[in-house]
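Asker: quick check, what structure comes out for this input:
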Amino acid sequence: QVQLMESGGGLVQPGGSLTLSCATSGEIPRIVAMGWYRQVPGKERELVATVTSGHSTNYGRDVEGRFTISRDNAWNTVYLQMNTLKLEDTAVYYCYVAGYTNSGGVYRREDFWGQGTRVTVSS
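Answerer: Numbers count the residues shown, from 1 in each chain. Sure thing, here's the model as predicted:
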């Protein structure tokens, strides 16, 4: 069973930095992408950053230039370095993994989500 465990959220002042981590457990034979989304109450979940198996990265417009996504070589952990945090970055951040699982020789495309970690930017 695949599980994603986020860590690193918390309270930070505007202009500060935080690093989020997401560790995967369980087997995903082929990962297509890993990334982060965020959500605030009353709004849809939005893209923060993703990194694909081809090493391409994609950032949400509001975070580009301030946030950096990275992963370990084994594709077990994905990180999000967040710098120059703003009040509007306050949200619950969700880890995301897209990949193919193998059950009895049958590969199936699946999306996995973590439980979320809260980031609060406040003075």
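Asker: at the geometric centre of the protein, which residue sits there?
Answerer: residue 36 (2.3 Å; Cα atoms, centre = their mean).
Asker: my guess is that residue contacts residue 92. True?
Answerer: No - Residue 36 is beyond contact range of residue 92, at 10.9 Å (criterion: Cβ atoms under 8 Å). Quick note: C-beta positions are derived from backbone N, CA and C, even for glycine.
Asker: now the strand ranked longest in the chain: mean pLDDT?
Answerer: Determined from DSSP state E, the single longest strand within the chain is strand 91-103. Regarding strand 91-103, the rounded mean pLDDT is 94.
Asker: so, low pLDDT: which residues of this structure?
Answerer: For the chain, no stretch has pLDDT under 70.
Asker: and residue 36, how far from residue 110?
Answerer: 18 Å (Cβ to Cβ, to the nearest Å).
Asker: residue 59 too?
Answerer: 24 Å.
Asker: so what secondary structure elements neighbour the longest strand of the chain?
Answerer: Helices and strands touching strand 91-103, by 3 or more Cβ pairs under 8 Å, 6 or more residues apart in numbering; DSSP states H and E, are strand 3-7, strand 18-25, strand 30-39, strand 77-82, strand 106-113, strand 117-121.
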